[in-house]
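Participant: kindly return the folded structure for what I paste below:
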Amino acid sequence: MATADLKSIKLKMVFDNGVDSEGKPQYSNKTYSNINYASPPDEILQAADALAGLSVRPLVLLEKNDSFDINA
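Facilitator: Just a heads-up that it's a prediction; the model follows:
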């Protein structure tokens, strides 16, 4: 039976970066690594809100990415 071992957790924050000359929305991304494995979603959201408060751009999307090693 295969197993999955959690390798890393990353937090991606997407900010509104205005619009281009054609009126299409533009975004900027910031990714944070080394997120504590035991962090519940509420704590991650609190940390992201605090970080977003340091930016002049509004936060559009918050994404948590888990990476696993699959072992046979």
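
Participant: by contact count, what packs against whichever strand or helix holds residue 64?
Facilitator: Per DSSP states H and E, residue 64 falls inside strand 59-71. When contacts are defined as 3 or more Cβ pairs under 8 Å, 6 or more residues apart in numbering; DSSP states H and E, strand 59-71 sits against strand 3-19, helix 41-52. For glycine as for every other residue, the C-beta is placed from the backbone atoms N, C-alpha and C.

Participant: and the first one, what's buried?
Facilitator: Translated: strand 3-19. 9, 11, 13-15 (16 or more other Cβ atoms under 10 Å).

Participant: of those residues, just say which sits nearest to residue 46.
Facilitator: Set against residue 46, the nearest of these by Cβ to Cβ is residue 11 (12.0 Å).

Participant: and the spatially closest residue to the closest one that is not a sequence neighbour, what pLDDT?
Facilitator: With sequence-adjacent residues excluded and distances taken as Cβ to Cβ, 6 or more residues apart in numbering, residue 11 is closest to residue 32, at 4.5 Å. On pLDDT, residue 32 comes in at 96.

Participant: same deal with the one 4 residues further on?
Facilitator: If you check residue 36, the pLDDT there is 92.

Participant: could you find the closest non-adjacent residue to it?
Facilitator: Residue 36's closest residue in space is residue 9 (Cβ to Cβ, 6+ apart), at 7.7 Å.

Participant: same check on residue 31?
Facilitator: residue 12 (5.0 Å).

Participant: centroid-nearest residue for this structure?
Facilitator: Taking Cα atoms, centre = their mean, the centroid of the chain lies closest to residue 12, which sits 2.0 Å from it.

Participant: which residues does that residue bridge with?
Facilitator: residue 31, residue 63 (DSSP bridges).

Participant: distance of it from residue 2?
Facilitator: 27 Å (Cβ to Cβ, to the nearest Å).

Participant: just to revisit the earlier point, show me the residues around the residue nearest to residue 11 that make contact.
Facilitator: 10-13, 51 (Cβ atoms under 8 Å, 6 or more residues apart in numbering).
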